[in-house]
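> quick one, what's the 3D model for this:
(6 chains)
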Number of protein chains: 4
Amino acid sequence: MEKIKKLSVKERVIEAASRLFYQEGYNQTGINQIISEASVAKASMYQHFRSKEDIAVAYLQERHIRWMGNLNHFVAKKANGKDKLVGSFDYLLHWLEDVDYRGCGFQNIICDIPLDHQKIKDQVQLHKSDLRDWIHKLIKEAYSIPEKEAEALGDEILVLQEGAIILSQIQKESWPISTAKITAQKVLA
Amino acid sequence: MEKIKKLSVKERVIEAASRLFYQEGYNQTGINQIISEASVAKASMYQHFRSKEDIAVAYLQERHIRWMGNLNHFVAKKANGKDKLVGSFDYLLHWLEDVDYRGCGFQNIICDIPLDHQKIKDQVQLHKSDLRDWIHKLIKEAYSIPEKEAEALGDEILVLQEGAIILSQIQKESWPISTAKITAQKVLA
Amino acid sequence: MEKIKKLSVKERVIEAASRLFYQEGYNQTGINQIISEASVAKASMYQHFRSKEDIAVAYLQERHIRWMGNLNHFVAKKANGKDKLVGSFDYLLHWLEDVDYRGCGFQNIICDIPLDHQKIKDQVQLHKSDLRDWIHKLIKEAYSIPEKEAEALGDEILVLQEGAIILSQIQKESWPISTAKITAQKVLA
Amino acid sequence: MEKIKKLSVKERVIEAASRLFYQEGYNQTGINQIISEASVAKASMYQHFRSKEDIAVAYLQERHIRWMGNLNHFVAKKANGKDKLVGSFDYLLHWLEDVDYRGCGFQNIICDIPLDHQKIKDQVQLHKSDLRDWIHKLIKEAYSIPEKEAEALGDEILVLQEGAIILSQIQKESWPISTAKITAQKVLA
DNA sequence: TATGAATGAGCATTCATTCAT
DNA sequence: AATGAATGAATGCTCATTCAT
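From the prediction side, this is the model:
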């Protein structure tokens, strides 16, 4: 007999907020929408989260785990670090085809938040740093070059990924990702 | 004797809104802030702009002209198309050092606006399209390659620029731009 | 050769305001709508009318003339006073079928205006008084009864007309007018 | 010891709005006036009412109950249906003498509301339909005539009431009601 | 722990009117 | 006589947050 676990208030809030923050935007999403979709009383929510910003932080933490997991899973079958890195652009293309694609949730949220929302900014930086480390690690595994060089090479890949995502979101087309993949192949050659 | 031209309501509103929308963000900026900084009565403002969205459109139009102008001016002394393109990354570095640097105003505004603000989305797309055309034109001048190839090459440069900007904004560091410049030099070689 | 007389500012304002005040209501109609539809500059309009209330007064004056004229014309062919009075309910039925029918413009405007708009109230009272006089006159012509009795009888007709109009407007049906006509026939018998 | 029940936000809002909507008019009454007189915070009010229109609907519902109750109470002592119907005009006369008399709140509100305020229009129609049913019922009790005839007769009474109310409001005199009563007595004879 | 009710500050927008030319 | 530009006050409504139970 399978146990049906009822989601906790915290989980339901994060789930609803994740969907809304990503799909509609942080500023476009009101607290009332979140509690309504989460079926949670307002004061209950505020017992688990000090503020809207804190909900966003939880959303970003959860999204980070999930996104990195998806990426890893997508390139898992690739033979080596180089193929994994090239494959990461295929992952972006795959992701782009989601009906719910709205670009990078981390990029999006940082573009228009109150100046003092430092916790959100930190979370976004953390995500990009982790992604950067992930890239660096793969480069180091695949290339027998000095660490500094490897990291510089990895940074190129990261910049290409970021540019591909933001531009595909703006133009609502996929060519920026294909283009970035080509450049990545050149520099990884 | 020089004539001091008093700025019109429209000009003052655009000036104030430009500063605020860019520095603080579209959602963080209220109409009251704009009219207060522009020293304009609310109804006067609404005689010139139908809505907040329309002010943003005017801001983006003006910013587009200015930004492209600055870019052109910055790389004007460069001898050829290739140097101008590489120089465009130096322009980004130069721009980054502005005390007021907050990344790309066009990227920023598109990340969190109401779903129905199509005029703003159009303006952002227009800006990136114009920048893309600018790059394509330089490539075609500098390289004797088929048009298709030239445009594909130019797209690589555009993606690098976008990635450099968004990542430098997130990490509040300049290395993404230096990195993008290096990649650009590789693909333009 | 026919002379084309260009309408004056005053005439155009009254024409536009008449349409708008009657169709949409006094409060639902803004000064900007009026000047826009009249193709008149705002300050030009204010040179002819001190205030919105004054435009309404002009509208009511013009409407009074026109409405009484239409009523008179409609019952003109009737042989005698009694038939004219009964015919006045047929006029209401005819009027009700106008695509633009919105009830009595005089009743409507008095129901929701600022408490101090006395000039409008006066104009409405004047209209109903004139209509009352019109009815009284017909009764006196048709019935050889003392003046007091004639006027009392006429007042019954007026009350029936007013009730027929307001109720047909509320219920968006014509039966209140037919009903009022039946009562009128009874009391005029 | 009697318990003093503090009025709820909803009750205070309806109370204030009822006074203001009826006395000053729907358009003349602002949300700020309502919350000020109700001593309620704006957001508290909007937690109970979606919109100004919804407040008006609540006001009309409450007024309907009260008005019909008063009417019923006023004519309760009358021996039969006919006397009750004639007595309803005495009720109008009695009501007219209120210091706060401003005519029929239902007629008034329908004369100048935004075109899309359907809920208000529905409420007004409902009130008049209920009043019509009330009259029909009394007629059927008092007269041994076919149902159709009874209803037609009742409609005559309703038209007379409506005309009496609107005309007394316009002319600020009581004769329209006395006149309507006379006509009613004729048709009910 | 959970919650329904309440809130002050702010939102974008529209109003009828007046000023300067 | 005509007008484009400007305005203060008010509009209806929403925000994230806190209180009282």
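
> per-residue pLDDT of residue A:3, please?
According to the prediction, residue A:3 has pLDDT 50.

> ah, wrong one, I meant residue A:112
Predicted confidence (pLDDT) for residue A:112: 85.

> count of neighbours near it?
Using other Cβ atoms under 10 Å in any protein chain shown, residue A:112 is surrounded by 23 other residues. The way it works is simple: take the backbone N, C-alpha and C, and place the C-beta from them, glycine included.

> shouldn't it be in contact with residue A:120?
No. Assessed by Cβ atoms under 8 Å, residue A:112 is found out of contact with residue A:120, at 11.0 Å.

> residues in contact with the helix or strand residue A:106 falls within?
Per DSSP states H and E: residue A:106 is located in helix A:105-110. For helix A:105-110, the surrounding residues in contact (Cβ atoms under 8 Å, 6 or more residues apart in numbering or on different chains) are A:21-22, A:25-26, A:56, A:59-60, A:63-64, A:102, A:120-121, A:123-124, A:127-128, A:162, A:165-166, B:107, B:111-112, B:166, B:169-170.

> if we go to 10 Å?
Among residues not part of helix A:105-110, those counted as contacts by Cβ atoms under 10 Å, 6 or more residues apart in numbering or on different chains are A:18, A:21-23, A:25-27, A:56, A:59-60, A:63-64, A:67, A:102, A:104, A:117, A:120-121, A:123-128, A:131, A:162, A:165-166, A:169, B:103, B:107-108, B:110-112, B:166-167, B:169-170.

> anything in contact with each of residue A:112 and residue A:120?
Common contacts of residue A:112 and residue A:120, defined by Cβ under 10 Å, 6+ apart, comprise residue A:26.

> can you tell me the closest non-neighbouring residue to residue A:163?
residue B:163 (2.7 Å; Cβ to Cβ, 6 or more residues apart in numbering or on different chains).

> between the helix or strand containing the one you found and helix A:147-171, how many degrees?
Following DSSP H and E, one finds residue B:163 within helix B:147-171. Calculated by axes from the mean of the first three to the mean of the last three Cα atoms, to 10 degrees, helix B:147-171 forms an angle of 110 degrees with helix A:147-171.

> give me the buried positions along helix B:147-171.
Using 16 or more other Cβ atoms under 10 Å in any protein chain shown as the test for burial, helix B:147-171 gives B:150-171.

> could you report the pLDDT at the residue nearest to residue A:163?
Listed pLDDT for residue B:163 reads 98.

> which residues does it contact?
Taking Cβ under 10 Å, 6+ apart, we find residue B:163 in contact with A:156-167, A:176, A:180, A:183, B:176-177, B:179-180, B:183.

> ok, residue A:159 next?
Contacts of residue A:159 by Cβ under 10 Å, 6+ apart are A:180, A:183, B:159-168, B:175-183.

> how far away is it from chain C?
To chain C, residue A:159 is 52 Å away according to Cβ to the nearest Cβ, to the nearest Å.

> cool, and residue A:189?
65 Å.

> wait, isn't that residue in contact with residue A:82?
Yes. Between residue A:189 and residue A:82 a contact is recorded at 8.9 Å, counting by Cβ atoms under 10 Å.

> looking at whichever helix or strand residue A:15 is part of now, give me its mean pLDDT.
Following DSSP H and E, one finds residue A:15 within helix A:9-24. Helix A:9-24 shows an average pLDDT of 95 in the prediction.

> helix or strand next in line after that helix, which one?
Sequence-wise, the next helix or strand downstream of helix A:9-24 (DSSP H and E) is helix A:31-38.

> how about that next one and DNA strand E, touching?
No. Helix A:31-38 lies out of reach of DNA strand E by Cβ under 7 Å from any atom of the strand, never closer than 8.6 Å.

> try stretch A:41-59
Yes. Residues of stretch A:41-59 are located near DNA strand E by Cβ under 7 Å from any atom of the strand, namely A:41-44, A:46-47.

> counting contacts, what elements does the helix or strand harbouring residue A:179 pack onto?
Assigned by DSSP H and E, residue A:179 falls within helix A:175-188. Other elements packing on helix A:175-188 under the criterion 3 or more Cβ pairs under 10 Å, 6 or more residues apart in numbering or on different chains; DSSP states H and E are helix A:81-96, helix A:147-171, helix B:147-171, helix B:175-188.

> can you redo those helices as CSV with distance to residue A:141?
Formatted as CSV, the helices and strands packed on helix A:175-188 follow (distance: least, Cβ to Cβ, whole Å):
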stretch, distance to residue A:141
helix A:81-96, 4
helix A:147-171, 9
helix B:147-171, 23
helix B:175-188, 20
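
> dump these to TSV, plus distance to DNA strand E.
As requested, the helices and strands packed on helix A:175-188 are arranged in TSV below (distance: least, Cβ to the nearest atom of the strand, whole Å):
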stretch	distance to DNA strand E
helix A:81-96	32
helix A:147-171	23
helix B:147-171	23
helix B:175-188	32
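
> quick one: closest of those to residue B:12.
helix B:147-171 (28.0 Å; Cβ to Cβ).

> centre of the chain versus the closest one, how much separation?
In terms of Cα atoms, centre = their mean, to the nearest Å, the centre of helix B:147-171 is found 14 Å from the chain centre.

> rewinding a little: which residues are in contact with both of residue A:189 and residue A:82?
With Cβ under 10 Å, 6+ apart, residue A:189 and residue A:82 have no common neighbours.

> more crowded one of these two?
residue A:82 (18 against 7).

> that one: what's it in contact with?
Contacts of residue A:82 by Cβ under 10 Å, 6+ apart are A:138-139, A:141-143, A:184-185, A:188-189.

> mind checking how far it is from residue A:161?
Between residue A:82 and residue A:161 the computed distance is 15 Å (Cβ to Cβ, to the nearest Å).

> and the residue of chain A closest to chain B?
Closest residue of chain A to chain B, Cβ to the nearest Cβ: residue A:163 (2.7 Å).

> for chain A, give me the ranges with low pLDDT.
Within chain A, the ranges that satisfy pLDDT under 70 run A:1-5.

> tell me which parts of it are close to chain D?
Taking Cβ under 10 Å from any Cβ of the partner chain, no part of chain A reaches chain D.

> give me the neighbour count for the residue in chain A that DNA strand E sits nearest to.
Going by Cβ to the nearest atom of the strand, DNA strand E is nearest to residue A:43 of chain A, at 2.8 Å. Residues within reach of residue A:43, counting by other Cβ under 10 Å, total 8.

> again with residue A:72
If we define neighbours as other Cβ under 10 Å, then residue A:72 has 13 of them.

> check contacts around the closest residue to residue A:53 other than its chain neighbours.
Leaving aside its chain neighbours, residue A:53 sits nearest to residue A:117 (5.2 Å; criterion: Cβ to Cβ, 6+ apart). Residues near residue A:117 by Cβ under 10 Å, 6+ apart: A:26, A:51-53, A:56-57, A:109-110, A:123, B:28.
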